[in-house]
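In: Prediction below, plus the sequence it came from.
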Amino acid sequence: MRALRRATCISIAATCVSFSGQSSAACLDSGVQVQILGSGGPGPSAGRASSGYVVWIDGVGRILVDAGSGIKDQFHMADASLEDIELLALSHFHPDHSAELAAILWPAGSQARLSGPTGTDGFPSVSDFVERLFGQNGAFPVLADRIQFEVLTVDTASRDIVEVWNVDDVLVRGIGVPHANVPTIGYRVDVGDVSIAFSSDQNGSDPSFIEFIEGVDVLVIHMAVGEEARGFGAELHAKPSVWGQMATQGKVGRVLVSHISADSPQELQARLDVLRDNYSGPMTVGNDLLCLEVD
Ligand SMILES: [Zn+2]
Ligand SMILES: [Zn+2]
């Protein structure tokens, strides 16, 4: 991993935590890296943007996972190019994961493959989402002629593993994950013999996800709540202890902590301490624009 961080750091078990959420880093020209565009969560996030990640392969940002609020600027600061994005993988339709899709596509549009979940009464399917945004009667018909997505829907109710993209030595798969009543996809990206899993927002109650991520080199987790979470918050999001147990059982190579909603460095530290009690492997605490090498 290489990352240049400004602001002071808290040292925890060989991990440097910058609470401001800001860092700057350039990904490498070779190999596979995952770059965080936004490391913030659904609530106040100390200046962190919402959810978004770029997977860089040999110096080209080819996969964008999520398009949460604030990532447009980060995408360009990362020197990523929309022309290079071949797969746009949306996890679900909470605003902190999808609200900036139109902004990031303006003005160029896209012909990428776009994956997303099935719909329910309360949430659109990925096809409906695209139509409501970019259809002739949608919110942004100005983009209608420039958007030619190849839409792929992952059935989040079945828990079947869906092949989302498979080209050369890149394989992306998706699976439904439990996020209260919200149709949500977790993704796994395999490039040659290295792999990254994106947990997405989920409560960690489905063991099929542990099978899905088994042995990945990097597991991106979403630390949106603390151990004290109860009620609907706990139905939506896994507690730090659950994330730790998941990483341990999945035998992952490294945990990358992201989607951080914490009111203070102390609150974040407390959550990381619980995670550490349940997982003894390598761990990196994410910041916006941090680039992590996957090996
Ligand atoms: Zn979220
Ligand atoms: Zn969510």
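Out: That came in fine, so what should we check first? Ligands and ions are numbered 1, 2, ... in the order given.

In: From here on, just use CA atoms for contacts and neighbour counts.
Out: OK.

In: could you pull out the strands for the stretch 1-150 of the chain?
Out: Listed in chain order, the strands of the stretch 1-150 of the chain (DSSP state E, counting those that start in this stretch) span 10-12, 15-17, 32-38, 52-57, 60-65, 87-89, 113-117, 150-154.

In: Give the other helices and strands that the fifth one contacts.
Out: Secondary structure elements in contact with strand 60-65, counted by 3 or more Cα pairs under 8 Å, 6 or more residues apart in numbering; DSSP states H and E, are strand 52-57, strand 87-89.

In: Please report the distance of the residue nearest to residue 136 when sequence neighbours are not counted from residue 132.
Out: For residue 136, ignoring the flanking residues on the chain, the nearest one in space by Cα to Cα, 6 or more residues apart in numbering is residue 144 at 6.4 Å. Per Cα to Cα, to the nearest Å, residue 144 is found 11 Å from residue 132.

In: Also residue 190?
Out: 32 Å.

In: Among the two, which residue is more densely surrounded?
Out: Legend: neighbour count by other Cα atoms under 10 Å for residue 190 and residue 132, higher for residue 190 (19 against 16).

In: what's the neighbour count on the residue nearest to residue 136?
Out: 18.

In: So that it lines up with my notes, have the first residue be 28 from now on.
Out: Sure thing, new numbering starts at 28, so read that last one as residue 171.

In: Residue 161 versus that one, what's the distance?
Out: Counting by Cα to Cα - residue 171 and residue 161 are separated by 5 Å.

In: before we move on, back to that, make JSON lines out of the strands of the stretch 28-177 of the chain and add distance to residue 256.
Out: What follows is the strands of the stretch 28-177 of the chain, written out as JSON lines (distance: least, Cα to Cα, whole Å):
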{"stretch": "strand 37-39", "distance to residue 256": "23"}
{"stretch": "strand 42-44", "distance to residue 256": "23"}
{"stretch": "strand 59-65", "distance to residue 256": "23"}
{"stretch": "strand 79-84", "distance to residue 256": "24"}
{"stretch": "strand 87-92", "distance to residue 256": "26"}
{"stretch": "strand 114-116", "distance to residue 256": "28"}
{"stretch": "strand 140-144", "distance to residue 256": "26"}
{"stretch": "strand 177-181", "distance to residue 256": "29"}
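
In: Relative to residue 188, which of those strands is closest?
Out: strand 177-181 (8.4 Å; Cα to Cα).

In: Many thanks, I have nothing further to ask.
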